[in-house]
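**Student:** What shape does this take:
(2 chains)
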Amino acid sequence: MAPTPPTDAELDTFIRARLASLGIDLDQLPAGTTADPVTGSPGRDSVLASLRSFVRSTVTALAAYQLPAPAGTDPAVAMALSQQPAPMLYPSISTEWRDR
Amino acid sequence: MNLPQPLDRSIDRRAFLSRTAAIAAASAVGATVALPGLAQATPKAAPAVRFNPALNDGDAYVAPRPEAVADPTELTIAEAAWLIRAGKLTPEKLVEAYLARISAYEGTYQAFNLVLAEAAVAAARAAAKRPRRGALHGIPLAIKDNYWTAGVRTTANSYLFQDFVPPYDATAVAKLVASGAIVLGKTQMGPLATTRATTPAGVVTTVNAWTPENRSTDPGGSSTGTATAVAGRLATSGTGTQTGGSITAPSNAQNLTGLKPTMGRVSLAGIIPLSYTRDHPGPLARDAKDAAIMLTAMAGEDPADPRTQGLPKVPDLISAATPVSGGRKLRWKTRIGVLPGFTDGTSATALARRAYLDTLAGISGATVVDVPLPDDWALLTGNAFNNVRLPERSEPFMPYLRTDLRGFGVSVTSWLQGALLGANEFVTGQRAKLLLMERVLDQLFDKCDVVVQTGPVPFDILGLPEIGFPIGFTTAGVPIGTILGGLPYGEDRLLSVVAAYQARTDWHWRRPPNPAAAAAAPAAAARSLAPTGGSAELRLSAEEVAELTQ
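**Tutor:** Presented below is the predicted three-dimensional model:
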């Protein structure tokens, strides 16, 4: 059974905990939704809202992605086949190096 | 049996030790080590760069148009080079002509972060005393402010770098200078290369040279200042960087020819990073020939950047950008792929695109063919997979994120997003790039040699070359541009197609009218880091910047 998606409050806790684990304190930003008048930095509530949206869209979409196997592949081996494409940081460079 | 020496004996221990020493030396100077460029094992000084003899190719010199002779700031690089070679123009006169325009109009355009007036004049005088070596000899350039310039403040238009003075030139700058070019100034840019040029706090600064009275007309970003400088005739040509359209977008917005080369073609050493797998340095120029001259100088292998190594040699770009038979014939037979929907609608852009394709179809050797979108194109090039770049933003900036979130100003959100993306998702994104690349090669480029683009991001993800160039104007007089994408290291073919198109059209020769003269700009302003003020102030919010971010 799929887990229940996190609530806003749970995501806020996750985001703050994740950032704190990296040593980043969101409280450096102004409270609320008003931007800092001098630096233009957004308020932390605005940032949290944006970060929640990011987790729900980008993180979820990427995590759910399964590389496709060729059409007609036996489902029993499709997951194993999807592990085969190597991650590539620089596709154009690696293409040249592989003399495609 | 004699075995070769084991691999451990073949490792270049000397190079390893020298890199370690460079890190130790950087650490010894305290805070400097935290700068992203120094956080890598970069050398303490720029690597030696060599002049590229291809810059003295006869095709690099073009007899100037009469109207350009009358006003040196109208000259292309190739035309100015012709006059300088003929002894009819000196680098000093060329620099002074630009400084006069800067004095008159920079207050309106706000294209520069820093104008190096005295240094440029001195360099021009020195150039007159040196043997001329190639087409860039004595040519004044605008350099985007994320390229390191030795002894000259390099801010990336950010609070974080506002006092940063690099110890050496970025490799690309060193190559341009070694080719005889003159750095006229550092240009305004989106803060940390994220959006159109604003102050780090989001106040819009640089205007589109075609609508200087209207700040809301997007001048394109993040290489905005370079584009405005070249379009407004404050510099002959200039440099930009592209991570998500930052060369092609401002070129399209301001009637210029901007070339984003293949990843690795130009060294990124000494350029403040935004996304290390996707930052591409390249030129914003007035036509294909000038773009070819600039790229010829900038490109090539660099010991300081492994991305540049083991790649094909730089081809003869300048000859590639020289039209054949006055543009009646393509240099190489080329199939031009057109993606679905490219000419849909009745807008001025759609009409311009149809006329552009008709012109291409009329060139001998060109075949315009419809090509399909590769499978899952929208998904693999869409927002989620595009966002895979964001951890590359946060990781090198961790010291700043821990201590100075407000220092990121209006652009902070995407750095925090990057810190939230896990390694699992990052690796998935890297796998998807390979899949996308294979589909682009198998499903697009088996049917064509170059392909029209409806946006720059897909080829930015893949590191493939793109060239933006003008194809018309809206009824309001704002330029309409288009982007053509090519195969890896196919810059020569892209240039050849655009050169033929430009030989048959005159969009690229059109220049914006002069704006009303504004107050003279200070020669060495720190204007970018402070709000501009005034009743017409336009300010981007963090949400808008997040929406527009590259």
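
**Student:** Closest to the centroid, which residue in chain B?
**Tutor:** residue B:240 (2.6 Å; Cα atoms, centre = their mean).

**Student:** helix or strand right after the helix or strand bottoming out on mean pLDDT in chain B?
**Tutor:** For chain B, counting by mean pLDDT, DSSP states H and E, helix B:36-39 ranks last in confidence among helices and strands (a mean of 40). Counting by DSSP states H and E, the next helix or strand C-terminal to helix B:36-39 is helix B:66-70.

**Student:** what's in contact with the helix ranked longest in chain A?
**Tutor:** If you go by DSSP state H, chain A has its longest helix at helix A:8-21. Helix A:8-21 is contacted from outside by A:6, A:25-26, A:48, A:51-52, A:55-56, B:416, B:419-420, using Cβ atoms under 8 Å, 6 or more residues apart in numbering or on different chains. Bear in mind the C-beta positions are built from the backbone N, C-alpha and C, glycine included.

**Student:** CA atoms of whichever helix or strand comes after that helix as PDB?
**Tutor:** Next helix or strand after helix A:8-21 toward the C-terminus (DSSP H and E): helix A:44-54. Provided in PDB are the C-alpha atoms of helix A:44-54 (Å, rounded to 0.1, in the frame of the first residue of the first chain):
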ATOM      1  CA  ARG A  44      10.800  32.200   5.200                       C
ATOM      2  CA  ASP A  45       7.000  31.400   4.900                       C
ATOM      3  CA  SER A  46       7.200  32.100   1.200                       C
ATOM      4  CA  VAL A  47      10.300  30.000   0.800                       C
ATOM      5  CA  LEU A  48       8.700  27.100   2.700                       C
ATOM      6  CA  ALA A  49       5.700  27.200   0.500                       C
ATOM      7  CA  SER A  50       7.900  27.100  -2.600                       C
ATOM      8  CA  LEU A  51      10.000  24.300  -1.100                       C
ATOM      9  CA  ARG A  52       6.900  22.200  -0.300                       C
ATOM     10  CA  SER A  53       5.800  22.600  -3.900                       C
ATOM     11  CA  PHE A  54       9.300  21.600  -5.100                       C
END
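
**Student:** And residue B:483, how far from residue B:194?
**Tutor:** For residue B:483, the distance to residue B:194 (Cβ to Cβ, to the nearest Å) stands at 20 Å.

**Student:** I meant residue B:52, not that one.
**Tutor:** Applying Cβ to Cβ to residue B:52 and residue B:194 gives a distance of 32 Å.

**Student:** and the residue nearest to the centre of chain B, that one's in a helix?
**Tutor:** No. Going by DSSP: H, G, I helix; E, B strand; the rest coil, the assignment for residue B:240 is strand, not a helix.

**Student:** looking at the contacts of helix A:8-21, which has the most residues close by?
**Tutor:** When neighbours are counted by other Cβ atoms under 10 Å in any protein chain shown, residue B:416 leads the contacts of helix A:8-21 with 27 neighbours.

**Student:** anything in the helix or strand hosting that residue near chain A?
**Tutor:** Using DSSP H and E, residue B:416 sits within helix B:412-420. Yes. Using Cβ under 8 Å from any Cβ of the partner chain, helix B:412-420 comes into contact with chain A via B:412-413, B:416-417, B:419-420.

**Student:** Reformat the residues you listed as a markdown table; add pLDDT.
**Tutor:** Below are these laid out as a markdown table (pLDDT from 0 to 100):
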| residue | pLDDT |
| --- | --- |
| B:412 | 97 |
| B:413 | 96 |
| B:416 | 98 |
| B:417 | 97 |
| B:419 | 97 |
| B:420 | 97 |
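
**Student:** In contact with residue 69, which residues?
**Tutor:** Reading this off chain A. By Cβ under 8 Å, 6+ apart, the residues touching residue A:69 are A:77-78, A:81-82.

**Student:** switch to chain B, that's the one I care about
**Tutor:** Here residue B:69 is in contact with B:75, B:83 (criterion: Cβ under 8 Å, 6+ apart).

**Student:** Right, I'll call it a day here.
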